[in-house]
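Novice: Just need the structure, nothing else, for what follows:
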Amino acid sequence: MDKARYLVEAHLREGRSVAELAAHHGVHRSWLYKLLTRYKQGGEEALRPRSRRPRACPHKTSLDLEERIIALRLELVRQGHDAGPHTLARHLERDFAEVPSPATIWRILRRAGLVEDQPQKRPKSSLVRFCAELPNEMWQADTTHWRLADRSDVEILNLIDDHSRLFLASDAYGAVTAQDVVSSFRKARDYHGLPSSLLSDNAAVFTGYPRHGKVLLEAELERLGIVFKNSRPYHPQTCGKVERLHQTLKRFLAKQPPPRTLAELQAQLDGFRDYYNHIRPHRALGGRTPLQAYEARLKAKPASAAKRTHFRVRKDRVDKTGRVTVRHRSRLHHIALGRAHKGRAVTILVADLDVRVVDEHGEVIRQLTLDPTRNYQPLEAS
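Specialist: This next block holds a predicted model:
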């Protein structure tokens, strides 16, 4: 205001011309004429800087729509669902012909005090994303913990499709066992078909590799010709999609009444999985639901499930009853050799069901085809 008042006073008090003042002080004559007009109409108060905000904004978001955005945000948060600007925009498209951009929605939420800054988040430029090209090309599996109303700990097993983010299975167990993993996998397989590969961490229910063995899931996948992959230890980012799903699921569960039983928890899981797959727009899928992304492309299938021979070599010593043991598909089988061989050091050569027991001199003590249905392989079966 000081410069405007100076120019006006210099013209009125000193009689200096508008052209002289404009040239000397680097302003346009039209602006100086406007100042003089405003001064004559309103005095010194009229020389104060005025807002440049337009009197009207035709494309401004209507008050009704702003209220709808805020109400939708609060409702989704109350239910424990994702309520970010992109998600809100997709929901609003069902009811409004024209929807504000996610940036505009974010500003509306910020003005309403519904947005919290999260400076701890990593920048997008630091992320290296991987996504399978086709549905069923790779599934991800992992477990997470939850608590019932009585504070007892339970576990939830989740399966997700890497390409479409389809929530394949979410099953509640007291404690997940190797058999539970196979059961959940089979239910997902019966409904969605076989995947080409499956990715998990190194938990004991998924793999026996760290212990130089094999668990039920590995045997099941091998039988079906499905490639089994493991993340490297202490690197959960490899299974990032199912890890992120745990967060989304737990945010929902935290808003629900604490379940008293596994059955009540399972009902909540089923309800969330239905919403997640059929209704919730997924930002990573361009706003589509996981089911839409899953059904949009052809499904990958396992590589040839032709039988691949599994070879093993095992050192053992004949026990006092004249037996040795081998495992087949996580089941222990006892092989009779006779008491005459008690205490003898032997080498067991296994090629799937073909078993050969050789002593330290290379003499074949027994050769047989293992019967997987029998725990004990008597001498008569040789």
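
Novice: any idea how far residue 160 is from the residue nearest the centre of the chain?
Specialist: By C-alpha atoms, centre = their mean, the chain has its centre lying nearest to residue 241, at 2.7 Å. Distance check for residue 241 against residue 160: by C-beta to C-beta, to the nearest Å, it reads 6 Å. Every residue, glycine included, has its C-beta placed from N, CA and C.

Novice: what do those two both touch?
Specialist: Both residue 241 and residue 160 are contacted by residue 140, under the criterion C-beta atoms under 8 Å, 6 or more residues apart in numbering.

Novice: Which residues in the helix or strand hosting the residue nearest to the centre of the chain does the neighbour count mark as buried?
Specialist: Per DSSP states H and E, residue 241 falls inside helix 240-253. Residues 240-243, 245-246, 248-249, 251-253 are the ones in helix 240-253 that count as buried (16 or more other C-beta atoms under 10 Å).

Novice: what comes into contact with that helix?
Specialist: 79-82, 140-142, 144, 146, 156, 158-160, 162, 165, 167, 170, 236-237, 265, 268-269, 272, 276.

Novice: ok, now with 7 Å
Specialist: 80-82, 140-142, 144, 146, 158, 160, 162, 165, 236, 268, 272 (C-beta atoms under 7 Å, 6 or more residues apart in numbering).

Novice: Keep only those of those that are in helices.
Specialist: Among these, DSSP state H puts 268, 272 in helices.

Novice: Could you identify the buried members of the contacts of helix 240-253?
Specialist: 80-82, 140-142, 144, 146, 158, 160, 162, 165, 268, 272.

Novice: just those now: which is nearest residue 291?
Specialist: Comparing those against residue 291 with C-beta to C-beta places residue 165 closest, at 9.8 Å.

Novice: Contacts only, for the closest one.
Specialist: Residue 165 makes contacts with 241, 282, 284-285, 290, 293, as judged by C-beta under 7 Å, 6+ apart.

Novice: between the residues you listed, which has the most around it?
Specialist: residue 290 (25 neighbours; other C-beta atoms under 10 Å).

Novice: Can you lay out the buried ones among the contacts of helix 240-253 as TSV showing pLDDT and distance to residue 207?
Specialist: Listed next are these as TSV, based on pLDDT from 0 to 100; distance: C-beta to C-beta, whole Å:
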residue	pLDDT	distance to residue 207
80	89	32
81	89	33
82	86	32
140	96	14
141	95	11
142	95	12
144	96	18
146	96	23
158	96	17
160	97	18
162	95	18
165	95	24
268	96	29
272	95	28
